[in-house]
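> predicted model follows, preceded by the sequence.
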Amino acid sequence: MSASTIHTTGFAHYSLAWSPFFPNRLAIASSANYGLIGNGRVHIASMGPPPTAPSLNVEKFYPTQDGLFDVAWSEVHENQLVTSSGDGSIRLWDVTLNVRLDLPIRIWQEHTKEVFSVDWSNVRKDSFASSSWDGTVKIWTPEIQHSVSTIHAHTGCVYQALFSPHQADLIASCSADGTLKIFDLRAPAFLPSAAATHASAPALTVPACVGAELLTLDWNKYRPFVLASAGTDKRVRVWDCRMLKTGPGVGDASVGGAVGGVCETDLLGHEYAVRKLQWSPHRADVLASASYDMTCRIWTTNPPPGQPQLMRIHDAHTEFVVGCAWSLFEEGLLASCSWDCRVNLFRV
């Protein structure tokens, strides 16, 4: 085992996230039996000083009764994080508490199916979002025992929902229906008093993956309204969502709104479905992708003349690669996680 790998035997990884407060701290969401049945764990890992390569060590872990699919650090409390679970629950943890207690400090149970993603807003730092296979996206604050808003976003599984890093009231989601949707939380339907039970009108619908499932998306950190998306069609696409056309929502004709989005870049190379995307927090043109083809790939959308857009292929994993995350503090440092129960750190 290399110095830049940790192996959590028996627990396949689904997601990982760097702490926004501590440059050497990493959280990993894991599941036994590949998330099909059994327990879960959230691992807290630390990165040691790099003599030649960064070293990773698991500091502690917290067990759960069902598999974990995603994890997000709090933007207001340096020792807290949330996890999403296959039993439909969301749990808030404090990593300073005694690991033997095995207890979260709060549990929310509103989703009726698996919760596949959680995301903490880095603009409105008291809010986080969850998305579920029940077709909804919910907005939460840690102090309140119930969700503050529910978006009936898609007709199929909502694989991911992310707050805009530029505007506090915008959230994007992607789904099994092949669409990318952007919602404006200032719309009357999303106010806490609305309690809508029907489909929620998006501000914009992008038909990003026609005839296939859209599994992942990410907002560009430097270019507002530019997003990347990918799914089961194996293609990574970059969208400029400022280009609009009025009309009914694609894939949901009963819902009004704008349809648009111009594909700036179409990145080809993955051999199987792409499960995770993340733009670099340090460069506007660098994007990482993780795929069922057991690779993590790094792309540039602005290559030098005559150079390819594919910068690197990391193929050290031996199972599906389902997560990747750029370090927020060290440019070019990327973590990847896989169903092979390993987390790899490498520099681009």
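Sure, I can see it.

> surely G48 touches E59?
No - using Cβ atoms under 8 Å, G48 is not in contact with E59, being 11.1 Å away. (Glycine included, C-beta is placed from N, CA and C.)

> and A12, how far is that from I90?
Going from A12 to I90 by Cβ to Cβ, to the nearest Å gives 20 Å.

> residue contacts, W299?
V236, L267, V286, L287, A288, S289, Q309, L310, M311 (Cβ atoms under 8 Å, 6 or more residues apart in numbering).

> same thing but at 6 Å, please
L267, L287, Q309, L310 (Cβ atoms under 6 Å, 6 or more residues apart in numbering).

> what's the answer for H314, then?
Counting by Cβ under 6 Å, 6+ apart, H314 has contacts C296, F346.

> and it, what are its bridge partners?
C296 (DSSP bridges).

> what about it, distance to R91?
30 Å.

> ok, now E330?
Separation of E330 from R91 (Cβ to Cβ): 29 Å.

> of those two, which one has the most company?
R91 (24 against 16; other Cβ atoms under 10 Å).

> grab the nearest non-local neighbour of that one.
Using Cβ to Cβ, 6 or more residues apart in numbering and skipping the chain neighbours, the partner closest in space to R91 is P104 (3.9 Å).

> which among the contacts of W299 end up buried?
Buried members of the contacts of W299, scored by 16 or more other Cβ atoms under 10 Å, are L267, L287, Q309.

> give me the element L97 is part of.
Using DSSP states H and E, L97 is not contained in any helix or strand.

> can you give me the buried ones in the lowest-mean-pLDDT helix or strand in the chain?
Within the chain, no helix or strand scores below strand 236-246, which has a mean of 84 by mean pLDDT, DSSP states H and E. Buried residues in strand 236-246, defined by neighbour count with 16+ other Cβ under 10 Å: V236, R237, V238, W239, D240, C241.

> in what helix or strand does the nearest residue in space to the fifth one that is not next to it in sequence lie?
Setting aside the residues directly before and after it, D240 is nearest to V262 in space (Cβ to Cβ, 6+ apart), at 4.8 Å. Secondary-structure assignment from DSSP H and E places V262 in strand 258-267.

> adjacent strands (with direction) for that strand?
Here, using DSSP bridges, strand 258-267 pairs with strand 204-206 (parallel), strand 236-246 (antiparallel).

> now the shortest one, how far from the centre of its chain.
Taking Cα atoms, centre = their mean, to the nearest Å, one finds strand 204-206 lying 19 Å from the centre of the chain it belongs to.

> which element follows it toward the C-terminus?
strand 214-219.

> and Q80, how many neighbours?
19.

> quick check: bridge partners of it?
D94.

> wait, it sits on D94?
Yes - contact between Q80 and D94 holds when scored by Cβ atoms under 6 Å: they sit 5.3 Å apart.

> just to revisit the earlier point, and the residue nearest to D240, how far from R237?
Between V262 and R237 the computed distance is 10 Å (Cβ to Cβ).

> next: P142.
Distance, P142 to R237, by Cβ to Cβ: 34 Å.

> need the contact list for V236.
A230, L267, V274, S289 are the contacts of V236 under Cβ under 6 Å, 6+ apart.

> from the residues you listed, which single one is nearest D184?
Distance ranking of those against D184, using Cβ to Cβ, places A230 first at 24.1 Å.

> go ahead and confirm the closest one touches A273.
No - in this structure, A230 is not within contact of A273 by Cβ under 6 Å, at 8.0 Å.

> who has more neighbours, these two?
Between A230 and A273, counted using other Cβ under 10 Å, A230 has the larger neighbour count: 28 against 18.

> wait, a helix at the more buried one?
No - going by DSSP: H, G, I helix; E, B strand; the rest coil, the assignment for A230 is strand, not a helix.

> remind me which residues of the stretch 201-348 of the chain are low pLDDT?
244-257 (pLDDT under 70).

> and the stretch 1-150 of the chain, by the same measure?
Confidence mapping of the stretch 1-150 of the chain against pLDDT under 70 gives the ranges 1-3, 50-54, 99-102.

> no further questions, thank you.
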